[in-house]
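J.: Can you look at this prediction? I've put the sequence above it.
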Amino acid sequence: MEAMFNQEEVNKRRTFAIISHPDAGKTTITEKLLLFGGAIQQAGEVRARKSGRHATSDWMELEKQRGISVTSSVMKFTYDGFEINLLDTPGHNDFSEDTYRVLTAVDSALMVIDSVKGVESQTKKLLDVCRLRDTPIMTFMNKLDREGQEPLDLLDDVEKNLGMQTAPMTWPIGMGKRFRGTYHLYSKEVLLFDPDAEHGVDRIVAVQGLDDPLLDELLGSQAEELRNDVELLEGAAHPFDLDAYLAGRQTPVFFGSAINTFGVQQLLDTFVQNAPHPRPRATTTRLVSPYEEPFSGFVFKIQANMDPAHRDRIAFFRICSGRFERGMKVRHLRLGRDFQISNATIFMAQDRSNVEEAFPGDIIGIHNHGTIKIGDTFTMGEEMKFTGIPSFAPEHFRKVRLLNPMKSKALEKGLVQLAEEGTTQVFKPIFGAEWVVGAVGILQFEVVLHRLEFEYGVKIAYEPVAYATARWVTGEKKLIEDFEKKEKMNLYIDGEGKLTYMAGSQWRLDNTIENWPDLEFHATSEHS
Ligand code: G4P
């Protein structure tokens, strides 16, 4: 049998991210999870960071906040003997490609849905990214203390809009003013809601199933409603199936109210027991098991650090196998040379900040001056590259107008370097001279404008450009040449030299794909 290196450390790790639409309750639930994990002392600490982050989009403020966003990028806590890494998915204004790419570095995700609003657009986008790797997803239906949609309709919404089976684990008893708590369909416990009690829980009562007369005592007329609901469920929902969850086909669903902490611990308990520990990851040559002894991993995010004058960057690196020790020497495959990781941030639970080692599933932050790029693989020497850390087709576009024409070299350098950090993507037209910048969130345009000015001394202005979507195009050489002739006004070369087609609308894109059946149009592009 194959040796299982680090078995215990790997098996107790859970590395995940939260996907949700703004305002569904991500910050609130994060805070409650950290409280359970003892990583923060009081409610309000995460919220304070969030309001700081969004109070203004002024550039200097953004600079100041960068320090904060580095520390909140990976929140590590322990719970019930498990080592949990919660990776932040930047949302709201700072929604960017990083938001998508973080999802390539996790083993599972938690989806938070506002029960008043149901499935919303950003959740759907993020879920599509999880789909690329069949990431297992647990769901928390939040804000049951409000008058929301019918629980059955919520499940239906998830099934129809997200294309996943739902398996309710708990079931709400009333909602809004009549919210009494939840019934656990498997442990048969009734969790009684009391907003004034600790964790929102008045008490937990075990019953002998739905026929137990104790239910009527506890819930009065709402006991009968619960019975009817669960009866309906039997025909409409699916029983929890661990394999289907792990394969990303089914999502277990919990109901609760994050602001009242209600239902969060039930979710967390099921999460640590059932969510996957680090899984094998694909490379260009083979699958890498988390139990392999040689160290390996990949970079999924680059963040410019506090001091722009020094071009200091932090590369967020996900460990896939082996044990990391400070000062160890690794192979940087893209550059083909060894380097020593001496200056690294190990994201750790607060009370263990002097820990010097990290394991598969953990994230380390490696300081560098621009030598490390998104998608880079480090190994102990083996020639392989982790795959599945792509660029995502931008959804917003701007044409760049250089205000000082003498600076065109500096502009190119700045745009390419910022693209390497993953801030935005840059595209050079194959016909014409003006660069196009593309992003998945519009705050990124402002970031680029300011950083070009302060770090590269280049002043630019943006002009609107009538593109709505982009695709990387590959195909047989002759066909590509024909395509270039026909579509030259809409073709660009990205920062990595790849041919990119831009379209003014989804309809236009579909039409072009139809007209060129032998070409391939890709919505993601692997880093080279
Ligand atoms: P986000 O990070 O997903 O954007 O959401 P966040 O946690 O900030 O929550 C968005 C709003 O929803 C907040 O209110 C928050 O208090 C509220 N909220 C979160 N969970 C619940 C819940 O279970 N029930 C109810 N009724 N509200 C909930 P806000 O008014 O925007 O902010 P604040 O004034 O509370 O800080």
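T.: Done, it's in.
J.: pretty sure residue 366 is in contact with residue 343, am I right?
T.: Yes: using Cβ atoms under 8 Å, residue 366 is in contact with residue 343, at 7.1 Å. From N, CA and C alone the C-beta is placed, and that goes for glycine too.
J.: more neighbours, those two?
T.: residue 366 (22 against 13; other Cβ atoms under 10 Å).
J.: Can you tell me the element that one falls in?
T.: strand 363-368 (DSSP states H and E).
J.: how about that strand: buried residues?
T.: 363, 364, 365, 366, 368 (16 or more other Cβ atoms under 10 Å).
J.: in its sheet, what does that strand sit against?
T.: For strand 363-368, the paired strands and their directions (DSSP bridges) read strand 313-321 (antiparallel), strand 344-346 (antiparallel).
J.: Dump it to CSV, keeping only the CA atoms.
T.: What follows is strand 363-368, C-alpha atoms only, in CSV (Å, rounded to 0.1, in the frame of the first residue of the first chain):
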residue,chain,number,x,y,z
ILE,A,363,-2.2,28.6,2.4
ILE,A,364,1.1,30.4,2.7
GLY,A,365,1.8,34.0,1.6
ILE,A,366,5.2,34.3,-0.2
HIS,A,367,6.8,37.7,-0.4
ASN,A,368,8.5,38.5,-3.7
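J.: Assign residue 427 to helix, strand or coil.
T.: Per DSSP: H, G, I helix; E, B strand; the rest coil, the secondary structure class of residue 427 is strand.
J.: what's it in contact with, if anything?
T.: Going by Cβ atoms under 8 Å, 6 or more residues apart in numbering, residue 427 touches 435, 436, 437, 438, 470, 492, 493, 494, 495, 500, 502.
J.: from the chain's centre, how far out does the host helix or strand of residue 483 sit?
T.: Using DSSP H and E, residue 483 sits within helix 477-486. Centre-to-centre, helix 477-486 and its host chain are 37 Å apart (Cα atoms, centre = their mean, to the nearest Å).
J.: repeat for stretch 518-526
T.: Relative to its chain's centre, stretch 518-526 lies at 22 Å (Cα atoms, centre = their mean).
J.: repeat for stretch 14-23
T.: 6 Å.
J.: Equivalent analysis for stretch 273-285, please.
T.: So, by Cα atoms, centre = their mean, the centroid of stretch 273-285 is 16 Å from its chain's centroid.
J.: Flag every buried residue along it.
T.: Buried residues in stretch 273-285 (16+ other Cβ under 10 Å): 274, 275, 276, 277, 278, 279, 281, 283.
J.: Just the ones in helices from these, please.
T.: residue 274 (DSSP state H).
J.: Looking at the buried residues of stretch 273-285, which is nearest residue 33?
T.: residue 275 (12.6 Å; Cβ to Cβ).
J.: just to revisit the earlier point, most widely separated two among the buried residues of stretch 273-285?
T.: 274 and 283 (27.1 Å).
J.: what pLDDT, on average, does the host helix or strand of residue 462 get?
T.: Of the helices and strands defined by DSSP H and E, residue 462 is found in strand 460-464. What strand 460-464 shows for mean pLDDT is 96.
J.: What is that strand packed up against?
T.: Applying 3 or more Cβ pairs under 8 Å, 6 or more residues apart in numbering; DSSP states H and E, one finds that strand 460-464 contacts strand 396-402, helix 443-456.
J.: By mean pLDDT, point me to the weakest helix or strand of this protein.
T.: Using mean pLDDT, DSSP states H and E, helix 59-71 stands out as the lowest-scoring helix or strand of the chain, at a mean of 54.
J.: could I have the helix or strand just after that helix exported to PDB, CA atoms only?
T.: The helix or strand immediately downstream of helix 59-71 is strand 74-79, counting by DSSP H and E. Presented in PDB, the C-alpha positions along strand 74-79 are these (Å, rounded to 0.1, in the frame of the first residue of the first chain):
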ATOM      1  CA  VAL A  74      -7.200  33.500   4.700                       C
ATOM      2  CA  MET A  75      -9.000  33.100   8.000                       C
ATOM      3  CA  LYS A  76      -7.700  30.000   9.900                       C
ATOM      4  CA  PHE A  77      -9.400  28.500  12.900                       C
ATOM      5  CA  THR A  78      -9.700  25.300  14.700                       C
ATOM      6  CA  TYR A  79     -13.000  23.600  15.700                       C
END
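J.: Kindly provide the distance from the closest residue to residue 333 other than its chain neighbours to the ligand.
T.: The shortest distance from residue 333 to any non-neighbouring residue, by Cβ to Cβ, 6 or more residues apart in numbering, is to residue 377 (4.8 Å). As judged by Cβ to the nearest ligand atom, to the nearest Å, residue 377 and the ligand stand 33 Å apart.
J.: What of residue 280?
T.: With Cβ to the nearest ligand atom as the criterion, residue 280 and the ligand are 32 Å apart.
J.: out of everything not next to it in sequence, what's closest to that residue?
T.: Using Cβ to Cβ, 6+ apart and skipping the chain neighbours, the partner closest in space to residue 280 is residue 287 (4.5 Å).
J.: okay, the helices and strands packed on strand 460-464 in a markdown table with mean pLDDT next?
T.: Output for the helices and strands packed on strand 460-464, formatted as a markdown table (pLDDT from 0 to 100):
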| stretch | mean pLDDT |
| --- | --- |
| strand 396-402 | 96 |
| helix 443-456 | 89 |
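J.: Turn the ones you listed into CSV, columns for distance to the ligand.
T.: Below are these laid out as CSV (distance: least, Cβ to the nearest ligand atom, whole Å):
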stretch, distance to the ligand
strand 396-402, 21
helix 443-456, 15
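J.: Out of those, which is closest to residue 519?
T.: strand 396-402 (21.2 Å).
J.: Give the buried residues for that closest one.
T.: Neighbour-count burial for strand 396-402 [16+ other Cβ under 10 Å]: 396, 397, 398, 399, 400, 402.
J.: Give me the contact list for that strand.
T.: Residues contacting strand 396-402 (Cβ under 8 Å, 6+ apart): 408, 411, 415, 434-442, 445, 458-465, 467-468, 470, 502.
J.: got the angle for that strand vs strand 425-429?
T.: Angle of strand 396-402 versus strand 425-429, following axes from the mean of the first three to the mean of the last three Cα atoms, to 10 degrees, is 60 degrees.
J.: Packing partners of the next helix or strand after strand 396-402?
T.: Remark: after strand 396-402, the chain's next helix or strand is helix 408-420, criterion DSSP H and E. For helix 408-420, the elements it packs on are strand 396-402, strand 425-429, helix 443-456, judged by 3+ Cβ pairs under 8 Å, 6+ apart.
J.: I'd like to know how far the residue sitting nearest the centre point of the chain sits from residue 512.
T.: Taking Cα atoms, centre = their mean, the centroid of the chain lies closest to residue 103, which sits 3.6 Å from it. Distance, residue 103 to residue 512, using Cβ to Cβ, to the nearest Å: 28 Å.
J.: Much appreciated, bye for now.
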